[in-house]
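Undergrad: Compute the structure for the input listed below.
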Amino acid sequence: MKQRFNRLSGISTPLKVVWGLLFLLLLLLGIALFKQEPLLIGHYKANALFSENAIKHLKIDSDYLYLDTTKGHYKVYKDAINQNSFFTKYPVEVVHREKVWWVIVMLLGTLTFFLFRLFSQERASVPTPLNAHQQEPMGRMIEPLKSEVTFKDLAGLREVKRELEEIIDFLRMPQRYGAFGIRLPKGVLLVGPPGVGKTFIAKAVAGEAGVPFFYQSGASFVHIYVGMGAKRVSELFQKAKEMAPSIIFIDEIDAVGKRRGGTQNDEREATLNQLLTEMDGFEESSGVMIIAATNQMELLDEALLRAGRFDRHIHIGLPDFEERQAIISLSLAKKPHAVESSMIARMTVGFNAAALDTLTNEAALYAMRHQKERIELEDFEAVKEKVRLGERKLLTLDEDEREIQALYQGAKLLMATWLDIGFEKIGMVTTRLSLQEKEIRSRTTLLNQVKFYLSGVVAMELHYQERFTNAKEDIKEAKALIHTVVYTYGMQENLAMSPQEEQRLLEESMEEVTILLKRLEPVLLQLSQRLLEEENLTKASAQELLREIF
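TA: Residues are numbered from 1 along each chain as shown. Take a look at the predicted model:
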């Protein structure tokens, strides 16, 4: 007893006040919560109790009249009854129940203030260790997933599947490969643009092999505290080894695996070093396969790409015609439709797998909104631009803007027809090119496409001596294509890769377009007028019009 008293006497005075307020608050809350709340009744029930002389006492509080009766406790809106009759017959007591709640609120505010002061003083007096954040139990956050995806759910990608089949077999029976002394790559790097299905491929590998799948984003390793990312990498590999055979998939690995040096921060560099150490620290026969994905392989540190780490690179490009057809067929399998997948495949050059799946879904929604029983080709055509470019609001143009836009798009229509650039339809607000799928393209073909994008800009300068905001996207496309000509294909005359070469090619293209549009000015004006009237023209219509003019 004496020891207990000594312990209590050792409590500081502020803490005693806090405990006292807390006890009083809990007491008041208990009284308020456990006190039986009177049943709310209407005026019929109240009048019946009045007529039966069952009421013993009345209490009035704000909008309610509380009835203490022989049959129980009730309350009724005071305006719902004849107050004069009730107050004349029975004694009335005026109460203020809200005062109890005000007391509770005041006590709660006082308690919060004391707690804040108390803990502020304690935190000020006790220094926080710099590595306190490292005590976070992160292991429980790293849990494997069970992938239900298989290669049956993965349309197209024939070459990719072929390269991954032996990895799947290794994950199923790693001991067989070990017996023959076969060393498979520790890491597989999936390289390709967004939307081609890199994450889906990794899940399909895990589903085919029937092994645990550890998914981590590269960005999840990058923390503001030094050491946290490295610790997470270590725990991830430890967990994967415990559950081997297994797959570790690191999405967007460039977030953590960028080249070291320069402005690289310490945390990212420490995390990358830990990743390299872990990849060196386990044997090929451990049953752990590391798969990573990136859109920008050129940004990765060279140490990640050397032999013994991510030494197998699988490049995933945009689907070709047959692959697009397979993806569309798979997407349409459970949807009522009356379209040929080959027709959709032909009109979706440049679409990735994600865009094709979205296109099919948007076409189904469009058909449903128009109360159709099945999806038709026109539904795909209606939503294609929305999926390809994103949904955008078509602005209502006034007369002057319509004339400007018609001339701008008319110049592109003329240039595409004259230079034999494939297009489906060019309208007042849309441009649908039908680029042919060719592995080998000439320098002339690429520069003709640059001229097409620049033709609207040149037309504006020739007719208005001005540039307009509607040229933003076309200028961007022209610059990107020139950059590809110079830096990707090295097609410039002197093989010099420099911004000056890009500028020279752009200026030459502008000059050639200017000469051509000046020569064909009457044709341009007629095409623009036809476009202003009809709003959309196909390639066949434009060719027929040119034949009529010439």
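
Undergrad: Only C-alpha atoms from now on, for both contacts and neighbour counts.
TA: Will do.

Undergrad: dump the residue contacts of the residue lying closest to Asn273 once chain neighbours are set aside.
TA: Excluding the flanking residues, the one nearest Asn273 by Cα to Cα, 6 or more residues apart in numbering is Ala230, at 7.9 Å. When contacts are counted by Cα atoms under 8 Å, 6 or more residues apart in numbering, Ala230 touches Phe221, Ala270, Thr271, Leu272, Asn273, Gln274, Leu275.

Undergrad: what about the strands in the stretch 151-300 of the chain?
TA: In the stretch 151-300 of the chain, the strands defined using DSSP state E, counting those that start in this stretch lie at 187-191, 213-217, 246-251, 288-294.

Undergrad: cool, and the chain?
TA: 39-40, 55-61, 64-69, 72-77, 92-94, 187-191, 213-217, 246-251, 288-294, 312-315, 423-427, 431-433, 536-538 (DSSP state E).

Undergrad: can you redo the ones you listed as CSV with distance to Ala303?
TA: Below are the strands of the chain laid out as CSV (distance: least, Cα to Cα, whole Å):
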stretch, distance to Ala303
strand 39-40, 75
strand 55-61, 78
strand 64-69, 78
strand 72-77, 78
strand 92-94, 83
strand 187-191, 13
strand 213-217, 20
strand 246-251, 16
strand 288-294, 15
strand 312-315, 14
strand 423-427, 45
strand 431-433, 42
strand 536-538, 52
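
Undergrad: Make TSV out of those strands and add mean pLDDT and mean neighbour count.
TA: Formatted as TSV, the strands of the chain follow (pLDDT from 0 to 100; neighbours: other Cα atoms under 10 Å):
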stretch	mean pLDDT	mean neighbour count
strand 39-40	76	14
strand 55-61	78	17
strand 64-69	80	20
strand 72-77	78	18
strand 92-94	70	13
strand 187-191	87	23
strand 213-217	84	21
strand 246-251	86	25
strand 288-294	86	25
strand 312-315	84	16
strand 423-427	78	18
strand 431-433	71	15
strand 536-538	80	16
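
Undergrad: right, and those - which one's nearest Val349?
TA: Judged by Cα to Cα, the one of these that comes nearest to Val349 is strand 431-433, at 9.3 Å.

Undergrad: Poorly predicted segments of the stretch 401-550 of the chain, please.
TA: 430, 432, 434-439, 550 (pLDDT under 70).

Undergrad: re the thing from before, nearest to Asn361, of the strands of the chain?
TA: In terms of Cα to Cα, the element of these nearest to Asn361 is strand 431-433, at 20.8 Å.

Undergrad: if we can go back for a sec, right, and the strands of the stretch 151-300 of the chain - which one's nearest Glu401?
TA: It's strand 288-294; of the strands of the stretch 151-300 of the chain, that one is closest to Glu401 (Cα to Cα) at 42.9 Å.

Undergrad: Relative to Leu300, which of the strands of the chain is closest?
TA: Of all the strands of the chain, strand 288-294 comes closest under Cα to Cα, at 8.9 Å.

Undergrad: and that closest one, which strands flank it?
TA: strand 187-191 (parallel), strand 246-251 (parallel) (DSSP bridges).

Undergrad: any idea of the angle it forms with strand 213-217?
TA: Strand 288-294 runs at 30 degrees relative to strand 213-217, counting by axes from the mean of the first three to the mean of the last three Cα atoms, to 10 degrees.

Undergrad: Now tell me what touches strand 288-294 from outside.
TA: 171, 186-192, 198-199, 202, 240-241, 244-254.

Undergrad: run the last query once more with 7 Å
TA: 186-192, 198, 202, 240-241, 244-254 (Cα atoms under 7 Å, 6 or more residues apart in numbering).

Undergrad: Break this protein down into its structural domains.
TA: 2-99, 144-315, 321-389, 399-549 (automatic domain parsing).

Undergrad: follow-up on the earlier one: could the strands paired with strand 288-294 go into a markdown table alongside distance to Ala542?
TA: Shown next, in a markdown table, are the strands paired with strand 288-294 (distance: least, Cα to Cα, whole Å):
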| stretch | distance to Ala542 |
| --- | --- |
| strand 187-191 | 41 |
| strand 246-251 | 47 |
